[in-house]
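>>> got a predicted model here, sequence first, then my questions.
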Amino acid sequence: MGNESLGSRQLTNKGILQWVDETAALCRPEKVFWCNGSEEEKQALLKEAVATGVLIELNQKKLPGCYLHRSNPNDVARAEPCTFICTPTRDEAGPTNNWLPPREMYSKLRKLCAGAMQGRTLYVVPYLMGPPGSPLAKVGIEITDSVYVALSMRTMTRMGRVAWEHLGDSDDFNRGLHTMLDVNPERRYIAHFPQDNAVISVGSNYGGNVLLGKKCLALRIGSYLGRNEGWLAEHMLILGVESPSGEKTYVTAAFPSACGKTNFAMLVPPPRFEGWKIWTVGDDIAWMKPGADGRLYAINPEAGYFGVAPGTNAKSNPNAMEILRRDTIFTNVALLPDGDVWWEGKTTEPPAEAIDWRGQRWTPDSKEKAAHPNSRFASPMANNPALDPAVNDPQGVPVSAIIFGGRRATTTPLVYQAFNWIHGVYVGATIGSETTAAAGGTVGQVRRDPMAMLPFCGYNMGDYFRHWLSMRKFIQHVPRIFHVNWFRKDAGEFLWPGFRDNMRVLKWIVDRCHGRANANETPLGWVPGPNSFDLEGMPAFTPERLAKAQTIDLDEWRRELLSQDELFMKLYAHLPKEMVFQRELLVSRL
Ligand code: OXD
Ligand code: MN
């Protein structure tokens, strides 16, 4: 084995060398390849991926640097039933996570990994989560036998020498081992060992299961590290709102998977908001820590977007359409005869013919969808025309508001503001949302998804709420907390137009943060007061319709509280008393 591709800077970190040697001895690959993140290396890996059929080269004139990957049809989404948190006791993982004792899981996985890479290349992928030099940044090393993973990690993280430079001789890095095995759901495990800062993922080659920096390190292991080290790892976008006078306000927002975080993070304001600008810091994950000035600061640990393709178009997200025209790996979208790609909702008129995500001929008469509902684009954030200039600031950006949201056809108003931090934690902890195609399983059922972290919290959810509550003591300038729901329906139709018009909700939120907008008190929290919510330029959306979108139906809320009880009962042993008090206060207000 050699580490020649590190160039002049030979790796001396003994912890890494030893771990890679041990892993190679276990998995027995044909060769070991150390990724350095260079452009030449990228081109070589792309060539190899195309030659082996892992990637299909797209029309390079139309889509320079773009490729298509088709995953195994049994492997198209995050596999929550196969995802485990392996803490010494079941209680530490808590009732919302699958659990096995570390020793049992290690032994099961060692058996599966033994000889698993025979005839394959073992790629060593060093990566940095967070801006170089940031006190919050973390190093991970992913060992993988998938060239698709090695290439995608290059897009999604700061991959290569920058990670070695950050790490030096330290042993403080996440050890991630991934092998596809035979991509068989019967042998699929995404196992996290928080106490060891380690992840082992086997039997899948789909994004969220295998790009170990993202859900595995940045959220599941990250949330565990955050609790121990005094910070928060959250499933949140980060955006900056710039007013015409240049005032900049940063906001984070947690929505469950496939509920529009990427679109919201890249919002282009409607004509009414001329001079306003939204800047993207991140579209999926925020690491947040109190700063010396008493404000809460956020960084985006990632360097790319792994966005849901269906529904992405020039209206829903013009910036994403610009971003994915270059240097993008698409997964499970449809291929057009001219080497372009298509997905449902990309254009109003479907193409006359295509090759669908399974590689079959497709026409608009086909019963199947052309693109898988969870098909994705993986693109570098550097392509974003609205990338916030502070995205690489090691200190992060100061957060003025935290928004929680879910996908709810009923019950939940368009927007309300929590009364204070503790109430806001309760609002986040009780998010309900209809399930989407981002995870395997039934779509459209309301499930409790606390802080949108149900599939991503690396320890007991009750203790996670307690950590949120305790963070209040370290923040002097407390972000205001809000709840939004873009998805409320009336007679089967969405009440709120969404997309660009979400700027109106954002404007009210920003104004509330700066003490500029009035509000009315309701049982749920503060809602927009008279004339504080801008409806100008929306002739079809009357104040009556706004009132409908804001309706608080007390009977619906009584039912909602009963359904929240299921979560609270589940978490009872670790549930902070504040959550129970907040629930009781809400009951008494209804
Ligand atoms: C994602 C997800 O891919 O949440 O971001 O599933
Ligand atoms: Mn996500």
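The structure has been received and is ready for your questions. What you see is a predicted model; the values in this text were computed from it and never measured. Ligands and ions are numbered 1, 2, ... in the order given.
>>> count of neighbours near the residue of the stretch 401-550 of the chain found nearest ligand 1?
With C-beta to the nearest ligand atom as the measure, Ala438 is the residue of the stretch 401-550 of the chain nearest to ligand 1, at 3.8 Å. (Each C-beta comes from the backbone N, C-alpha and C, glycine too.) Ala438 sits with 20 neighbouring residues when counted by other C-beta atoms under 10 Å.
>>> please identify the helix or strand for the residue nearest to Lys570 when sequence neighbours are not counted.
Once flanking residues are discounted, Lys570 sits nearest to Pro95: 4.9 Å by C-beta to C-beta, 6 or more residues apart in numbering. Taking DSSP states H and E as the definition, one finds Pro95 inside no helix or strand.
>>> same question, Ala25
Counting by DSSP H and E, Ala25 is part of helix 14-27.
>>> and that helix, what other elements does it pack with?
Applying 3 or more C-beta pairs under 8 Å, 6 or more residues apart in numbering; DSSP states H and E, we find helix 14-27 packed against helix 102-113, strand 121-129, strand 138-144, strand 173-179.
>>> look up how far Thr312 lies from the closest residue to Met266 other than its chain neighbours.
Once flanking residues are discounted, Met266 sits nearest to Asn319: 4.0 Å by C-beta to C-beta, 6+ apart. Look at Asn319 and Thr312: by C-beta to C-beta, to the nearest Å, they are 10 Å apart.
>>> grab the nearest non-local neighbour of Val527.
Tyr416 (5.0 Å).
>>> in a strand, that's where that neighbour is, yeah?
Yes. Under DSSP: H, G, I helix; E, B strand; the rest coil, Tyr416 sits within a strand.
>>> contacts only, for it.
Contact analysis of Tyr416 by C-beta atoms under 8 Å, 6 or more residues apart in numbering lists 482-483, 522, 524-527.
>>> ok, of these, which come out buried?
482-483, 524-527 (16 or more other C-beta atoms under 10 Å).
>>> count of neighbours near the residue nearest to Lys570?
Neighbours around Pro95, by other C-beta under 10 Å: 17.
>>> isn't it right up against Leu571?
Yes. Applying C-beta atoms under 8 Å, one finds Pro95 in contact with Leu571, separated by 6.5 Å.
>>> which bits of the stretch 101-250 of the chain sit near ligand 1?
Gly208 (C-beta under 6 Å from any ligand atom).
>>> now the strands for the stretch 101-250 of the chain?
Here the stretch 101-250 of the chain has its strands, by DSSP state E, counting those that start in this stretch, at 121-129, 138-144, 158-159, 173-179, 189-193, 198-202, 232-234, 236-242, 248-254.
>>> quick check: Val399 is in a strand.
Yes. Assessed by three-state DSSP, Val399 belongs to a strand.
>>> count of neighbours near Gly119?
9.
>>> what does the closest residue to it other than its chain neighbours show for phi and psi?
Spatial nearest neighbour of Gly119, excluding adjacent residues (C-beta to C-beta, 6+ apart): Glu30 at 5.4 Å. Here is the backbone geometry of Glu30 (degrees, to the nearest 10): phi -70, psi -40.
>>> Gly294 reaches Arg472, doesn't it?
No. Look at Gly294 against Arg472 with C-beta under 8 Å: they stay out of range, at 11.8 Å.
>>> how much space between the most centrally placed residue in the chain and ligand 1?
Compute the mean C-alpha point of the chain, and by C-alpha atoms, centre = their mean the closest residue is Asp284, 3.3 Å away. For Asp284, the distance to ligand 1 equals 5 Å [C-beta to the nearest ligand atom, to the nearest Å].
>>> likewise for Thr89?
Note on Thr89: its distance to ligand 1, by C-beta to the nearest ligand atom, is 27 Å.
>>> which parts of stretch 141-157 are buried?
141-157.
>>> ditto for stretch 340-347
340-344, 346.
>>> poorly predicted segments of the stretch 51-200 of the chain, please.
Low-confidence segments of the stretch 51-200 of the chain (pLDDT under 70): none present.
>>> wait, I meant the chain
Residues of the chain that meet the criterion pLDDT under 70 lie in 1-10.
>>> return the residues of it in contact with ligand 2.
By C-beta under 5 Å from the ion, the residues of the chain that approach ligand 2 are 257, 284.
>>> so which elements touch the one helix or strand the residue nearest to Met266 maps to?
Here Asn319 sits within helix 318-323, counting by DSSP H and E. Identification of packing neighbours for helix 318-323 by 3+ C-beta pairs under 8 Å, 6+ apart yields strand 304-308, strand 376-380.
>>> apart from its chain neighbours, what residue comes closest to the single nearest residue of the stretch 401-550 of the chain relative to ligand 2?
Proximity to ligand 2, evaluated over the stretch 401-550 of the chain using C-beta to the ion, is greatest for Ala438 at 7.0 Å. Nearest non-adjacent residue to Ala438, counting by C-beta to C-beta, 6+ apart: Ser257, 3.4 Å away.
>>> burial count for the one you found?
Residues within reach of Ser257, counting by other C-beta under 10 Å, total 24.
>>> against Ala491, how distant is it?
The spacing between Ser257 and Ala491, counted by C-beta to C-beta, is 28 Å.
>>> shouldn't the residue nearest to Gly119 be in contact with Gly115?
No. If you go by C-beta under 8 Å, Glu30 and Gly115 don't touch, sitting 11.6 Å apart.
>>> how about the residues of the stretch 451-590 of the chain near ligand 1?
By C-beta under 6 Å from any ligand atom, no part of the stretch 451-590 of the chain sits against ligand 1.
>>> please enumerate the helices of the stretch 451-590 of the chain.
461-471, 502-513, 543-549, 554-570, 577-589 (DSSP state H, counting those that start in this stretch).
>>> let me see the contact set for the closest residue to Asn383 other than its chain neighbours.
Nearest-residue entry for Asn383: Ile323, 4.3 Å, with adjacent residues in sequence omitted and distances by C-beta to C-beta, 6+ apart. Counting by C-beta under 8 Å, 6+ apart, Ile323 makes contact with 266, 305, 377, 379, 383-385.
>>> surely Pro310 meets Ala370?
No. Between Pro310 and Ala370 there is no contact under C-beta under 8 Å: 9.4 Å.
>>> those two: which has the busier surroundings?
Neighbours were counted for Pro310 and for Ala370 using other C-beta under 10 Å; Ala370 has more, 28 against 21.
>>> next up, identify which helix or strand the more buried one is on.
Applying DSSP H and E, one finds Ala370 in no helix or strand.
>>> residue contacts, it?
Per C-beta under 8 Å, 6+ apart, neighbours of Ala370: 333-334, 342-344, 350-351, 354, 356-357, 362.
>>> how about the residues of the stretch 251-400 of the chain by ligand 1?
So far as C-beta under 6 Å from any ligand atom goes, the stretch 251-400 of the chain lies against ligand 1 at 257, 284, 306.
>>> pick out the most distant pair among the contacts of Ile323.
The most widely separated members of the contacts of Ile323, counting by C-beta to C-beta, are Phe377 and Pro385 (15.7 Å).
>>> for the two, indicate the residue with more neighbours.
For Phe377 versus Pro385, neighbours defined as other C-beta under 10 Å are more numerous around Phe377 (25 against 11).
>>> how much space between the closest residue to the more buried one other than its chain neighbours and ligand 1?
Nearest residue to Phe377 in three dimensions, chain neighbours excluded: Leu324, at 4.4 Å (C-beta to C-beta, 6+ apart). Between Leu324 and ligand 1 the computed distance is 15 Å (C-beta to the nearest ligand atom).
>>> residues near Leu324, how many?
Counted with other C-beta under 10 Å, Leu324 comes out at 25.
>>> now swap in the one 5 residues further on and tell me
One way to gauge burial is a neighbour count; for Ile329, by other C-beta under 10 Å, it gives 27.
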